[in-house]
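>>> structure for the following, please:
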Amino acid sequence: MRQFVTALLLSGALAVTLAGCTPKATPGGKVPNMEGKPLAKAETGKDEGKGGAPAESGAWKAEYGPSDAKVVVECFYPMEGHDWVKALNKKILDKYPDEVRILHINWQTDEGLRVLEAEKLEPCGQYLVNKKVVVKKNPVLGGWKDEDLLKAVDEEVHAKYPKKVSMVTGNVVVHVPCGLAGPFGDVRARFAKEHSDIKLTARIANTLVLRDRIHEGEGGDVFLCMGDIELDPLKEKQRIDLASATTVATTSLSIITPLNNPGEIRGLKDLGGPKVRRIALGDAKGLSVGKQGVAALTKCGLWDKVKDRVYYVKEAATLKIIVAEGKVDAALVYTSCLHETHTPGTKPAKVPVRTVCEIPVKMYDPVKVVGVSLIAAKSPEAAKRFLQYCAGPESHKIFETWGFLQAGTKA
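Residues are numbered from 1 along each chain as shown. The predicted model follows:
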């Protein structure tokens with residue numbers, strides 16, 4: 001059998017001979033290096049040295065994670081054209097950077113094939129966790145999902161590190177502003193599938209209400225904050241871990257009017273029109289929506305003309321209310337607030353206002369949604385894992401569906 005497979009390897013025909021093993025085409029034909037723990041070695045028949053990156057071609061084995069890890073995950077897949085394998089391996093290492101070691105073995109090389117035969121495995125894709133076969137082939141042909149492998153890794157880590165793992169599990173209390181309830185609900189549902197050992201409990205209220213509760217000593221683990229200047233009092237009081245602050249999304253600003261649009265506003269410049277009596281903004285000193293609203297009006301040359309018509313509010317949520325009631329002719333609001341729900345897991349509520357336009361972000365700084373751990377957190381490690389997840393690509397996609405812009409950088 002080995003002679004036959006080796007012959008196919010030499011002829012270059014194996015990739016199309018075995019079902020489920022044809023490498024998927026990628027732009028440029030390259031596979032991005034996986035981030036995570038430094039590699040022990042990437043083997044190509046010669047030692048690459050400590051900390052070397054895996055070879056893009058010709059490598060038969062790449063090792064990730066600490067060499068003394070008690071849980072060893074072996075995956076038998078080609079190095080090229082299998083980005084989903086690298087992404088899945090990275091997900092495992094991000095969750096268990098000290099407990100798991102991953103060996104990515106390219107069985108389409110002579111050396112990799114010998115290992116495959118020694119393990120008495122079938123040609124094509126396999127995942128083993130501590131020598132136990134978990135999944136075969138790929139998620140489509142093999143009928144398995146990422147969660148199947150992640151669950152098997154979770155169980156093995158729990159078995160090998162019962163005390164250590166128990167320290168990073170638990171209940172994470174998250175302070176969630178009303179405007180973030182929608183995306184939080186979807187992120188929580190997705191997070192639960194991959195982190196069954198952590199329960200997320202939400203405390204929902206307006207941003208400043210939550211901020212003030214934390215300022216006065218209310219407990220919890222994570223604060224998802226709409227805006228960055230809103231965090232200043234917590235920084236002064238040393239209630240938050242500044243090193244953990246991560247921008248998980250951003251939001252733009254939009255102009256809204258009552259449904260009958262009495263000011264006949266069709267764009268930003270129209271805010272200076274003769275029929276516009278009152279324009280509502282958030283408090284420019286305490287609310288990011290107000291600060292950036294002033295910046296936008298200044299950038300377009302309108303501020304001096306309209307500043308005497310501005311009516312300031314102390315809560316961002318008040319802006320939509322007074323516009324819907326016709327108390328002002330227009331307001332500058334978070335675009336994401338036009339798609340919000342106050343109950344996680346439910347669809348956005350329809351807002352009884354007219355959306356005129358989204359203001360181009362080149363005229364101001366998009367407002368950050370900042371996730372941060374509390375100093376008083378009872379589950380700091382679990383909180384850290386949740387914040388890391390919020391800054392990841394899956395969470396970014398969720399936030400975008402709720403009207404947010406993408407972000408994932410340090411605040």
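>>> any regions of the stretch 1-150 of the chain where pLDDT drops low?
Within the stretch 1-150 of the chain, the set of residues satisfying pLDDT under 70 comprises 1-58, 140-142.
>>> can you list the residue ranges for strands in it?
39-43, 61-64, 71-76, 100-105, 126-129, 132-136 (DSSP state E, counting those that start in this stretch).
>>> reformat these as TSV; add distance to residue 266 and mean neighbour count.
In short, each C-beta sits where N, CA and C put it, glycine included. Below are those laid out as TSV (distance: least, CB to CB, whole Å; neighbours: other CB atoms under 10 Å):
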stretch	distance to residue 266	mean neighbour count
strand 39-43	57	21
strand 61-64	55	23
strand 71-76	57	23
strand 100-105	56	24
strand 126-129	57	22
strand 132-136	56	16
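>>> in three-state terms, label the residue lying closest to residue 202 once chain neighbours are set aside for me.
Closest residue to residue 202 apart from its sequence neighbours, by CB to CB, 6 or more residues apart in numbering: residue 176 at 4.7 Å. Following DSSP: H, G, I helix; E, B strand; the rest coil, residue 176 is assigned to strand.
>>> residue 176 against residue 200, yeah?
No. Using CB atoms under 8 Å, residue 176 makes no contact with residue 200, being 9.5 Å away.
>>> which of these two has more neighbours?
Between residue 176 and residue 200, counted using other CB atoms under 10 Å, the more crowded position is residue 176 (28 against 23).
>>> wait, what's in contact with that one?
184, 202, 203, 204, 210, 224, 344 (CB atoms under 8 Å, 6 or more residues apart in numbering).
>>> contact partners of stretch 264-283?
255, 257, 262-263, 288-291, 293-294, 296-297, 300, 302, 305-306, 309-316, 318-319, 322-323, 327-332, 356-357, 359, 363.
>>> in that stretch, what counts as buried?
Applying a neighbour-count criterion of 16 or more other CB atoms under 10 Å, one finds 265, 268, 270, 271, 272, 276, 278, 279, 280, 281, 282 buried in stretch 264-283.
>>> any idea how far residue 354 is from residue 287?
Distance, residue 287 to residue 354, by CB to CB, to the nearest Å: 22 Å.
>>> out of those two, which sits in the more crowded spot?
Taking neighbours as other CB under 10 Å, residue 287 and residue 354 compare with residue 287 leading, 26 against 16.
>>> torsion angles phi and psi at that one?
As for residue 287, its main-chain torsions (degrees, to the nearest 10) stand at phi -120, psi 130.
>>> kindly report the same for residue 370.
Taking degrees, to the nearest 10, you get phi -110, psi 130 for the backbone angles of residue 370.
>>> isn't it right up against residue 241?
No. If you go by CB under 8 Å, residue 370 and residue 241 don't touch, sitting 12.0 Å apart.
>>> who's more crowded, the two?
For residue 370 versus residue 241, the count of surrounding residues by other CB under 10 Å is larger for residue 370: 26 against 17.
>>> next, count neighbours for residue 300.
For residue 300, the number of neighbouring residues by other CB under 10 Å comes to 17.
>>> and what of residue 87?
13.
>>> please apply the same query to residue 159.
For residue 159, using other CB under 10 Å, the count is 12.
>>> drop anything exposed from the contacts of residue 176.
Buried, going by 16+ other CB under 10 Å: 184, 202, 203, 204, 210, 224, 344, out of the contacts of residue 176.
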